[in-house]
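Peer 1: When you get a sec, could you give me coordinates for this:
(2 chains)
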Amino acid sequence: MGFLLYIEYTQCIYIALYQGDRLPKAVISKLLTITTAMPDYQNDKEILALYRKEGNKEKGFTIIVQKYTERLYWHIRRLLVDHEDANDVLQNVFIKVWRNLDGFREDSQLYTWLYKIATNECLSFLEQQKRKSVLSLSDVETGLNNKLQADAHFDANKLEWKLQKAIISLPEKQRVVFNLRYYDEMPYEQMSQVLDTSEGALKASYHHAVKKIEDFMRNA
Amino acid sequence: MLKGKEIAEELQQLAPGLELPPQYPGNVTTGYFQLMEKLLVQKAKQLDEIAAQSEVLDELVDISPILAEVPSKCPFTAPGSYFESFPTQIKELRKAKSAKIIPLSKKVKLYKRCIAAAAVAAVISIGAVMMAKHYNKFAIDRQLANISDEEIEEYLLTHTDAFDKAQLMSSVKAEELPNILPEELSNLELETYLEENIIGEVPFNPSKK
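Peer 2: Numbering: from 1, shown residues only, chains lettered A, B, ... in the order given. Coordinates of the predicted model:
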């Protein structure tokens, strides 16, 4: 059904582009917005079909790894700051994907499912850090700040690094929402599937996060 | 819509004698239409990314114009060729994690279970013995504490013999004994007392008795 809709919309765009300036730009833009939601879905469907084909499991999985490694890495890295931590968590994410992909029923898009696993793994990792920090009497925020300052490229005077410091000061879940929206430019609808939270709550959370970051940047 | 034949007849009526080629002479490269769909998707994707960026940016400008001015580029960097080598890394890790685990044979399992059971039983037995000893010790001490000195003295007078006296005396150090003899007692008086009371009780040649 999704694929048929996709074909239909592609044809509409074809006509729209063929007719050039005679169609209002807003209509073309709307058509493009609707249509481009489909390609990833279609490709992922093809990958999953390949994965489920006998003897192609490994090949299908490798394609998923190649396609999503970079995107998931940056999502994890922005939450954990340190490369080694991000690498460990990313490995765990793909091991989980390998173990659970057979059970993935495609109720959601593969993309949101992967982000969900990655986010949960990050939160679990931070939870472990918290338990350790109780023993070492230092909090997670301090730990992340230390890691940030230990980065070879860290420059306290540059705005992008100040922004990172501000993001670290946010509560965990607000940090996830902010990163998904600001850096990954994820629509609230998809974010809602990743975080199992209503769109309204996510919008409010993002709003609060932005305001806190603004305050932090002003006072820094 | 007019069909091909109708169009030709119509043209003949309008301009008799005009012979036009039935097909358009223009051509497209092979596979153009197959490629078109892919190109459109790519183009649409780019436009969609721009639209998403614009949506996020518009929202940010509304909430915080200051933050909207900050470059949204993430300053972190990944080590060179990390992304190229990661699929191999994950492949090796996956193989290592899914390495076949050989199950222990039933005999080994049974043997291990027996050892574990024996260890648990030993711990329980030793614990029970220790507890019993501990409890008994305290029980005797508690009972003795309830007996008065007079009762003990009477018991010793009526139930002990010479052997018991010697054994009791050997277990007590001389310094710990209370000084029951008067200080001013002379050696002569002492010898006399011993000759009269103790030495007289001991038979000198018991075998001849």
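
Peer 1: from here on, contacts and neighbour counts on C-alpha atoms
Peer 2: Noted.

Peer 1: Mind picking out the helix or strand in chain A with the poorest mean pLDDT?
Peer 2: Every helix and strand of chain A was ranked by mean pLDDT, DSSP states H and E. The lowest is helix A:2-19, at a mean of 48.

Peer 1: Let's see the pLDDT reported for residue 71.
Peer 2: Chain wasn't specified; assuming chain A. pLDDT recorded at residue A:71 is 95.

Peer 1: Sorry, I should have been clearer: chain B.
Peer 2: Reported pLDDT at residue B:71 in the predicted model: 81.

Peer 1: The one 10 residues further on now?
Peer 2: For residue B:81, the pLDDT comes out at 90.

Peer 1: Run the contact check for stretch A:191-199 versus chain B.
Peer 2: No. For stretch A:191-199, no contact with chain B is found by Cα under 8 Å from any Cα of the partner chain; the gap never falls below 13.3 Å.

Peer 1: Now do the contacts for residue A:166.
Peer 2: Shown in contact with residue A:166 (Cα atoms under 8 Å, 6 or more residues apart in numbering or on different chains): A:213, A:216, A:217.

Peer 1: Now with 6 Å, please.
Peer 2: Residue A:166 makes contact with A:213, A:216, according to Cα atoms under 6 Å, 6 or more residues apart in numbering or on different chains.

Peer 1: With residue A:215 as the reference, measure out to it.
Peer 2: Look at residue A:166 and residue A:215: by Cα to Cα, to the nearest Å, they are 9 Å apart.

Peer 1: do the same with residue B:49
Peer 2: In this structure, residue B:49 and residue A:215 are 29 Å apart, going by Cα to Cα.

Peer 1: and those two? which has more neighbours close in?
Peer 2: Ranked by neighbour count (other Cα atoms under 10 Å in any protein chain shown), residue B:49 and residue A:215 place residue B:49 first, with 15 against 12.

Peer 1: Which stretches in chain A count as helices?
Peer 2: Assigned by DSSP state H, the helices in chain A fall at A:2-19, A:25-35, A:37-52, A:57-80, A:83-100, A:110-136, A:140-150, A:159-168, A:172-182, A:188-195, A:199-219.

Peer 1: between those helices, which gets nearest to residue B:97?
Peer 2: helix A:83-100 (8.5 Å; Cα to Cα).

Peer 1: can you list contacts of that closest one?
Peer 2: Contacts of helix A:83-100 (Cα under 6 Å, 6+ apart): A:76, A:77, A:118.

Peer 1: Contact partners for the first one?
Peer 2: Pointing back at residue A:76 there. Contact partners of residue A:76, counting by Cα under 6 Å, 6+ apart, are residue A:86.

Peer 1: quick one: pLDDT of it?
Peer 2: Looking at residue A:76, its pLDDT reads 97.

Peer 1: How about the residues of chain B by chain A?
Peer 2: Applying Cα under 6 Å from any Cα of the partner chain, we find that chain B lies next to chain A at B:44, B:45, B:48.

Peer 1: Tell me both backbone torsions, phi and psi, for the second one.
Peer 2: Read it as residue B:45. Dihedral pair for residue B:45: phi -60, psi -40, per degrees, to the nearest 10.

Peer 1: Pull out the buried positions in stretch B:33-41.
Peer 2: Burial within stretch B:33-41, assessed by neighbour count using 16 or more other Cα atoms under 10 Å in any protein chain shown, is assigned to B:37, B:40, B:41.

Peer 1: Now a ChimeraX select for only the buried ones of the residues of chain B next to chain A.
Peer 2: Those of those that count as buried under 16+ other Cα under 10 Å are selected in ChimeraX with:
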select /B:44,45,48
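
Peer 1: Redo the residues of chain B next to chain A as JSON lines? Include pLDDT and distance to residue A:206.
Peer 2: What follows is these, written out as JSON lines (pLDDT from 0 to 100; distance: Cα to Cα, whole Å):
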{"residue": "B:44", "pLDDT": "84", "distance to residue A:206": "28"}
{"residue": "B:45", "pLDDT": "78", "distance to residue A:206": "25"}
{"residue": "B:48", "pLDDT": "79", "distance to residue A:206": "22"}
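
Peer 1: Looking at the contacts of helix A:83-100, which one is closest to chain B?
Peer 2: Among the contacts of helix A:83-100, residue A:77 lies closest to chain B (Cα to the nearest Cα), at 8.0 Å.

Peer 1: number of nearby residues for that closest one?
Peer 2: As a burial measure, residue A:77 scores 22 neighbours (other Cα under 10 Å).

Peer 1: what's the nearest residue to it if we skip its chain neighbours?
Peer 2: Using Cα to Cα, 6 or more residues apart in numbering or on different chains and skipping the chain neighbours, the partner closest in space to residue A:77 is residue A:86 (5.1 Å).

Peer 1: One more: residue A:80?
Peer 2: Distances taken as Cα to Cα, 6+ apart place residue A:86 nearest to residue A:80, at 6.2 Å, with adjacent residues excluded.

Peer 1: Point out where chain A drops to low pLDDT.
Peer 2: A:1-42, A:134-138 (pLDDT under 70).

Peer 1: Helix or strand, whichever it is, which one in chain B has the lowest mean pLDDT?
Peer 2: helix B:162-170 (a mean of 67).

Peer 1: Check which element follows that one along the chain.
Peer 2: Downstream of helix B:162-170, the first helix or strand assigned by DSSP states H and E is helix B:187-197.
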